[in-house]
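> got a sequence here, can you build the structure:
(one chain, ligands or ions: 1)
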Amino acid sequence: MIDLKTLPERLLLGPGPSNAHPRVLEAMSQPLLGHLDPQFISLLDEVKESLRHVFGTQNAFTLPLSATGSSGMEACLVNLLEPGDTVLVGVNGVFGGRMCEVASRAGANVERVEAEWGRPLDIDAMIEAIGRVRPAVVSFVHAETSTGVLQSVPEIAAAAREAGSLVVLDCVTSLGGIPVELDAWGVDAAYSGTQKCLSCPPSLSPVSFSERALDRVRARTRPVQSWYLDVSLLAGYYEGEKRVYHHTAPISSVYALHAGLSLVEEEGMAAREARHREAAAALIEGVEPLGFKPLVDEAHRLPMLTSLLLPDNVLARDEAALRGRLLNEHGIEVGAGLGALAGKIWRVGLMGENARVENVERLIAALREELAA
Ligand SMILES: *Cc1c(COP(=O)(O)O)cnc(C)c1O
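Prediction:
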């Protein structure tokens, strides 16, 4: 068996996971409590309260689901959609496409509004489609990690609400890196993950459901297809005076999230956003002289995930081999392009704890050395 003590230390500058903060790793090594122990329940309640702050919501039903970000996507869609319902999905990258797949498996009719990868959704096209289709749910991605595009939310959410549609938002990469304001924007259900800007290992999916969303779940004519992700069953453990067993909460992961959220609160969202923006700006400034160019226009560019078009001298070599050298010789992971962008871009994540100019400098020094060779 591999001796875990011999595992290398990597600087994780890909699309996730990012490096966990040392305080998070320390939290995970604390002794286990039982999942119904009042001390653990108090800790869980603090996590829920802290998640309300970062999500910008008063939603009572705000909690960490016991699986990675994709479980949040699935939970939002399978609870809010019944077979035959129509969902309108904005698709400008991998994760919008995945929403379509999840919704169609739930028996929903899926209407897509597509935009070019690397561009945001066209707000007018979304508003037009909402008015025409009047879907039960409108679903889209705030921070598209496959391309590095930031989506403006309030205009689409307002049009959806006017049409009586619920709004689902993917905040996996945005939460903890840039402000998320579910209540101000009018979002009904949102989900995130722990391994991107919250600086925790992958394991949990913070989710939040509004009262409007919960009313829709209560009005269902059929039970939710997923027993594990049924929000009405989950409420019995995560809420109320007396907690009942549904599944065993992942104790150490909840400790990790508690530590990750306390780091966000100590730093403050404004400072955190500024740190992400500063690191992204340093990255672009540092790689442009090497011939890399950002894929996304500045106005729609995410600070925590930058897609870089590869220069000719990298395209002429083997970009995957160069990424391999960054990993093996320099201990730095960067992400490949996906879909049509595979082989054309790299995705550099400066997420959570990793969003620091010193990490950018380390990457640039390694790249300079490799490209000179
Ligand atoms: C990473 C990611 C997901 C999926 O999260 P997992 O933790 O990999 O399950 C969903 N949406 C977006 C935008 C992501 O970046």
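> what residues does the protein have near the ligand?
When proximity is defined as C-beta under 6 Å from any ligand atom, the chain approaches the ligand at 16, 68-70, 73, 95, 141, 145, 170, 172-173, 193, 202. For glycine as for every other residue, the C-beta is placed from the backbone atoms N, C-alpha and C.
> just the buried residues out of those residues, in PyMOL syntax.
To isolate in PyMOL the members of the residues of the chain next to the ligand that are buried, counting by 16 or more other C-beta atoms under 10 Å, one can use:
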select buried, resi 16+68+69+73+95+141+145+170+172+173+193+202
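> please enumerate the helices of the stretch 251-373 of the chain.
Ranges of helices in the stretch 251-373 of the chain, per DSSP state H, counting those that start in this stretch, are 251-267, 269-287, 312-315, 319-330, 357-372.
> what's the neighbour count on Ala372?
Neighbour count of Ala372, defined by other C-beta atoms under 10 Å: 6.
> distance check, it against Gly337.
With distances defined as C-beta to C-beta, to the nearest Å, the gap from Ala372 to Gly337 amounts to 24 Å.
> next: Arg323.
11 Å.
> return every residue with contacts to both of these two.
Between them, Arg323 and Gly337 share the neighbouring residues Trp346, with contact defined by C-beta atoms under 8 Å, 6 or more residues apart in numbering.
> which residue is nearest the middle of the protein?
The central residue of the chain, meaning the one whose C-alpha is nearest the mean C-alpha position (C-alpha atoms, centre = their mean), is Val172 at 1.1 Å.
> ok so it is a strand residue?
No. Using DSSP: H, G, I helix; E, B strand; the rest coil, the secondary structure at Val172 is coil, not a strand.
> that one: what's it in contact with?
69, 72, 95, 143, 145, 191-193, 196.
> where do the strands of the protein begin and end?
When secondary structure is read from DSSP state E, the chain shows strands at 11-13, 61-65, 86-91, 109-114, 137-141, 143-144, 149-150, 166-170, 189-191, 205-209, 293-294, 305-309, 332-336, 345-349.
> okay if I get the ones you listed as CSV plus mean pLDDT?
Supplementary listing: the strands of the chain in CSV, determined by pLDDT from 0 to 100:
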stretch, mean pLDDT
strand 11-13, 98
strand 61-65, 98
strand 86-91, 98
strand 109-114, 98
strand 137-141, 98
strand 143-144, 98
strand 149-150, 98
strand 166-170, 98
strand 189-191, 98
strand 205-209, 98
strand 293-294, 98
strand 305-309, 98
strand 332-336, 98
strand 345-349, 98
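> and these, which is most packed in?
For the strands of the chain, ranked by mean neighbour count under the definition mean count of other C-beta atoms under 10 Å, the leader is strand 143-144 at a mean of 30.
> ok, that strand: who's next to it in the sheet?
strand 149-150 (antiparallel) (DSSP bridges).
> for the ligand, give me its nearest residue in the stretch 201-350 of the chain.
Evaluated by C-beta to the nearest ligand atom, the stretch 201-350 of the chain has Pro202 as its residue closest to the ligand, separated by 5.2 Å.
> for that residue, give me its contacts.
Residues 16-17, 68-69, 193-195 are the ones in contact with Pro202 under the rule C-beta under 8 Å, 6+ apart.
> which of those residues fall in helices?
Restricting these to those inside helices, with DSSP state H as the criterion, leaves Gly69.
> distance from the chain centre to the worst-scoring helix or strand of the chain on mean pLDDT, please.
The helix or strand of the chain with the poorest confidence is helix 312-315; it has a mean of 92 (mean pLDDT, DSSP states H and E). Centroid separation between helix 312-315 and its chain, computed with C-alpha atoms, centre = their mean, to the nearest Å, is 31 Å.
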